[in-house]
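*Asks:* A structural model of the following input is requested.
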Amino acid sequence: MNIKYMQKTKILTKLIIAVFFLTAGNVLNAQIYHEECKEDLREFMRQGTNYEKLGLSETDTNSWYADEEWVPKVEGVTWIETYNFYLRIEEFWWNYLDLDGKFKFRSPELIGFGCNNNLTELDVSSNTQLIAFSCSYNSLTSLDVSNNFGLTHIFCDNNKLTTLKTSADTTWWTGLMYFCCENNSLKLSTFPILLRTDHYLFFPQDTINGGIIGYADVVDLSTEYDVRGYITNFEWFDITEWNRKRNIATNK
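*Replies:* Numbering: from 1, shown residues only. Next up, the predicted model:
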């Protein structure tokens, strides 16, 4: 056998082996999680000490741009494989962890969200497949779910909401079963009008303190009278008489 041929064959074999191990190494170190989801996680967890409350250490944050070892350590997150084989976030369940700040995740695959903490802002406009949604017991003053057509459960009670935006035509919420928005600062004109739901809880709301109204003063309730075609009935009473009746009922 030709010696030069044998030498070339050995060199080629070594090259093939080297390429094999290099490729295998790249596969092992390949990106698994979608970059957009990772960046959204990093953005949220770098607010205050959210990363610690979700199971990460400071060492994890020092390397979270270099590798993905920190990603599966984040508590309460479920991932799903997408068409391009990257994993994207499917569910969050972060309840009563004392999390702070603003929340926005762009994953369109998100179907479940529960975050009852201390959030001040929440954006779910990109989560068009959202089904179950709970943001109770936060510090939200406004909420927009007008782009979340598949919702079946909405819990946004016990916040500070003055604005709650839904679609102008709520008939598309054909699968909506629960809508709970009590214990906020909503008025009649800002309540969603829901035509199809099994449970719609909106009472009580915070008292609107209007001060003392004199007999000659004009009270303008026009914005609360005709609410999208629904007429409101107002009942007037004397506060002194009302307090007297309440005291009698309490002392029985």
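
*Asks:* give me the beta-bridge partners of residue 119?
*Replies:* residue 101 (DSSP bridges).

*Asks:* Is it correct that it is in contact with residue 100?
*Replies:* Yes - if you go by Cβ atoms under 8 Å, residue 119 and residue 100 touch, sitting 7.4 Å apart. For the C-beta atoms, the positions are set from N, CA and C on the backbone; glycine is no exception.

*Asks:* And residue 69, how close does it get to residue 82?
*Replies:* 21 Å (Cβ to Cβ, to the nearest Å).

*Asks:* for residue 115, same thing?
*Replies:* 23 Å.

*Asks:* now swap in residue 134 and tell me
*Replies:* On the measure of Cβ to Cβ, residue 134 and residue 82 end up 24 Å apart.

*Asks:* repeat for residue 67
*Replies:* Distance of residue 67 to residue 82, given as Cβ to Cβ: 21 Å.

*Asks:* try residue 222
*Replies:* 50 Å.

*Asks:* care to break the protein down by domain?
*Replies:* Following automatic domain parsing, one finds the domains of the chain at 1-30, 34-216.

*Asks:* For those domains, give me TSV that also has distance to residue 226.
*Replies:* As requested, those are exported to TSV (distance: least, Cβ to Cβ, whole Å):
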stretch	distance to residue 226
domain 1-30	60
domain 34-216	9
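
*Asks:* Tell me which of these lies nearest to residue 230.
*Replies:* Residue 230 sits nearest to domain 34-216 of all the domains of the chain, at 6.7 Å, using Cβ to Cβ.

*Asks:* Give me the distance between the two termini of the closest one.
*Replies:* Start-to-end span of domain 34-216 (Cα to Cα, to the nearest Å) is 64 Å.

*Asks:* Just the pLDDT for residue 191.
*Replies:* Looking at residue 191, its pLDDT is 79.

*Asks:* who's in contact with the closest residue to it other than its chain neighbours?
*Replies:* Leaving aside its chain neighbours, residue 191 sits nearest to residue 202 (5.8 Å; criterion: Cβ to Cβ, 6 or more residues apart in numbering). Residue 202 makes contact with 181, 182, 186, 191, according to Cβ atoms under 8 Å, 6 or more residues apart in numbering.
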